[in-house]
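**Q** Task: produce atomic coordinates for the following.
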Amino acid sequence: MLLNNNSKEPPCLKVYLNLDNLADLPDFSIWNGRRGKAAWTQLRANGFDGVQITDNNPVPDELDLPYCGLDRINSPSEADSVFRLHKERGDSCITLHVGWGIEDDDDTFRLVEAILNASARFDLPCFIETHRATITQDIWRTVQLTKKFPEILFNGDFSHYYCGLEMVYGDFHDKLDFMEPIFSRIGFMHGRIASPGSMQVPIQDSINKPFHAVGEVDYLEHFKEMWTRAMAGFLSNAGPGDVLIFAPELLKSDIYYARVFPDASGKLVEESDRYTQALLYQKIARECFNKANSLANPQF
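**A** Model prediction:
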């Protein structure tokens, strides 16, 4: 099931911020120093519609924004307890890392079946993330899952495919066409832009090729195309009140996402302000959704 706001309004995009995006920001970040209610007020002022809570703790103090959650399920027996926790916390939906990517088909199918059943039982939308080291770690197997479970829905984090599968090695657009069953089952999106060789790279604006893109590939344009296709896929299935959440998820350096380089004193520092980057992502996501809306030409 898609996330729905119980209205009769046309399907819409909501931009949340994954709270790990705020973890250990560099000293020069424009975000630093904000805590509690001041933080939530600033997020709202900066155009964010909600947040994705990234742990299983109680809802953060004074949070007055809509929120959703995330988790991991490694075995079918874990599904009910995970869904119960997030339902009781009041999460509107959850994204899931599922398995470790070394499961055979039968084990994979049992995992997905347990998750879909729990989602229906607890009336909580869930979106299985396209992520490395999980059952969706490659596009071929993920497409096969759509054949076995046509009702499956995904959280599209395409950085894992773009970098992890080096999608530009070969015919990039052939691969996008092959991914259509994935794009058409998107119910949530994590925002991260990768290059063919790095999982998380900065951009400067939504128009020009990033100056970091020293090779021929314009990875910003590639991600805009993937995001637009995914949003069009959502719109092709969406009905009144359905909501697509796009959540920038730019992660810190000590888990090897944000790249660091030595400054003049030799200290390793992040190459960009991940909060400023998230603001750029918000702008691009809204542009892509507007384009997808015009391409999808839904019933609204």
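**Q** Now do the phi/psi pair for the most centrally placed residue in the chain.
**A** Nearest residue to the geometric centre of the chain (CA atoms, centre = their mean): His190, 1.2 Å. For His190, the backbone dihedrals (degrees, to the nearest 10) come out as phi -100, psi 130.
**Q** got a list of what the spatially closest residue to it that is not a sequence neighbour touches?
**A** Distances taken as CB to CB, 6 or more residues apart in numbering put Asp157 closest to His190, at 3.9 Å, once the chain neighbours are dropped. In this view, the C-beta of every residue, glycine as well, is placed from N, C-alpha and C. If you count contacts by CB atoms under 8 Å, 6 or more residues apart in numbering, Asp157 has them with 129-131, 189-190, 192, 249.
**Q** Quickly note the distance from Asp157 to Thr95.
**A** Using CB to CB, to the nearest Å, we find Asp157 at a distance of 9 Å from Thr95.
**Q** Kindly report the same for Tyr256.
**A** 21 Å.
**Q** The two: who's more crowded?
**A** Thr95 (27 against 12; other CB atoms under 10 Å).
**Q** Quick check: that one is in a strand.
**A** Yes - under DSSP: H, G, I helix; E, B strand; the rest coil, Thr95 falls within a strand.
**Q** how about it, what does it touch?
**A** Applying CB under 8 Å, 6+ apart, the residues contacting Thr95 are 52, 68-71, 126-129, 155, 188, 190.
**Q** if you set the cut-off to 7 Å instead, what comes out?
**A** Thr95 sits next to 70, 127, 129, 155, 188 when contact means CB atoms under 7 Å, 6 or more residues apart in numbering.
**Q** now it: how far from Asp254?
**A** 22 Å.
**Q** Please, where are all the helices along the stretch 1-150 of the chain?
**A** 36-45, 79-89, 105-122, 139-148 (DSSP state H, counting those that start in this stretch).
**Q** Can you pull out the residues in contact with the biggest helix by length in the chain?
**A** As assigned by DSSP state H, the longest helix anywhere in the chain is helix 274-296. Residues from elsewhere that reach helix 274-296 (CB under 7 Å, 6+ apart): 13, 15, 17, 21-22, 25, 29-31, 46-48, 191, 202-203, 205-206, 224, 227-228, 231-232, 235-236, 246, 248, 250, 258.
**Q** Only the buried subset of the residues you listed, as a PyMOL command please.
**A** Burial among the contacts of helix 274-296 is assessed by 16 or more other CB atoms under 10 Å; the matching PyMOL selection reads:
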select buried, resi 13+15+17+21+22+25+29+31+48+191+202+203+224+227+228+231+232+235+236+246+248+250+258
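**Q** Show me the contacts of helix 274-296 that map onto strands.
**A** 13, 15, 17, 191, 246, 248 (DSSP state E).
**Q** Now do Pro150: how many residues are near it, please.
**A** Using other CB under 10 Å, Pro150 has 9 neighbouring residues.
**Q** shift numbering so it begins at 13
**A** Got it, first residue is 13 now, which makes that one Pro162.
**Q** State the pLDDT value of it.
**A** As summarised for this prediction, Pro162 has a pLDDT of 98.
**Q** and if you look at Glu228?
**A** 85.
**Q** Give me the pLDDT value at Glu115.
**A** The model reports Glu115 with a pLDDT of 98.
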